[in-house]
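In: Whatever this is, show me its structure:
(chains A and B)
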Amino acid sequence: GQQLNQSPQSMFIQEGEDVSMNCTSSSIFNTWLWYKQDPGEGPVLLIALYKAGELTSNGRLTAQFGITRKDSFLNISASIPSDVGIYFCAGQLGNNDMRFGAGTRLTVKP
Amino acid sequence: EADIYQTPRYLVIGTGKKITLECSQTMGHDKMYWYQQDPGMELHLIHYSYGVNSTEKGDLSSESTVSRIRTEHFPLTLESARPSHTSQYLCASSVSGRTYGYTFGSGTRLTVV
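Out: Take a look at the predicted model:
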C-alpha cells in the first residue's frame, strides 16, 4: 500500500524558533493534509492542499504540496508553547481512504 | 467544532469484561473509521465502514468488532477485554467524493486491568 515517511520523528525546540517537518511517499497523492493532535485529544485538521505546487498558510503555519505530488512540508514560524503536540501528515488519492504518516512529536521549551 | 462524539472519554475495566465504545456523528458522513493509537504513537486503522451495513477490517488486526446499522452510529465492541487492548481508540468520519479530510472524535482512552 501507499506508505508515508514523515520526518523528523521528534523535535525539541526553544520557544520562538521556527519548525520544519516533511512527508514523502513512493506514490502520488492529489490531496495532502496536515493534522495536529493535542495530548489526550483527536487529531484536528490544520491545512489541506489540493494542487501540486500549492503553498498555503494558516496563521503561523505554512504548508506546500510538492511538485512531484509525492511530498509535502509544514513550517511553523515563531513557535509558542501551545504548539506542542503530534503533527501528522496525510495523503489521499481520489476517493481512496487517507494514509497517515507516523507523526512528528514537537516539544517547545519556554 | 467537531460534530463527532465518542463515549466514554476514559474507561478502566477488568479483564474478561465486554465493552462497547460509542461513536456518533451528526454530519451525515457516509464513511466512518476506527483507529487504535498507543500514547504518542502513530495511528493504526482497525475498522472502517462506507455506509450502512458495510464494515471492513483495517490494516491492523484487531479482536474488536464493529457494526453500522445507522449512518450516524459506528460502535466498536470488545467481547472479552484483555490488558493488551489498553490503548486510545479514535473514531473518524468523512464524505465520499470530497477530499476535505477526516473529522476525528476526541477518543476513548481504554485501560484494561
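In: So for residue A:57, what pLDDT did the model give?
Out: At residue A:57, the model reports a pLDDT of 96.
In: wait, what's in contact with it?
Out: Residue A:57 sits next to residue A:63 when contact means Cβ atoms under 8 Å, 6 or more residues apart in numbering or on different chains. C-beta here means a position set from N, CA and C on the backbone, and glycine is covered the same way.
In: Show me what secondary structure element comes after the helix or strand where it lies.
Out: Element membership of residue A:57, judged by DSSP states H and E, is strand A:55-58. Later in the chain than strand A:55-58, the nearest helix or strand by DSSP H and E is strand A:61-65.
In: What confidence value was assigned to residue A:28?
Out: Note on residue A:28: pLDDT of 93.
In: Can you tell me how far it is from residue B:6?
Out: According to Cβ to Cβ, to the nearest Å, residue A:28 and residue B:6 sit 33 Å apart.
In: Likewise for residue B:23?
Out: Per Cβ to Cβ, residue B:23 is found 5 Å from residue B:6.
In: list the residues that contact both of the two?
Out: In contact with both residue B:23 and residue B:6: B:91, B:105, using Cβ under 8 Å, 6+ apart.
In: Comparing residue A:28 and residue B:6, which shows the higher neighbour count?
Out: Between residue A:28 and residue B:6, counted using other Cβ atoms under 10 Å in any protein chain shown, the more crowded position is residue B:6 (22 against 14).
In: you'd agree the more buried one is up against residue B:91?
Out: Yes - at 5.3 Å, residue B:6 and residue B:91 qualify as touching, with contact defined as Cβ atoms under 8 Å.
In: Can you name the residue of chain A nearest chain B?
Out: Closest residue of chain A to chain B, Cβ to the nearest Cβ: residue A:42 (3.4 Å).
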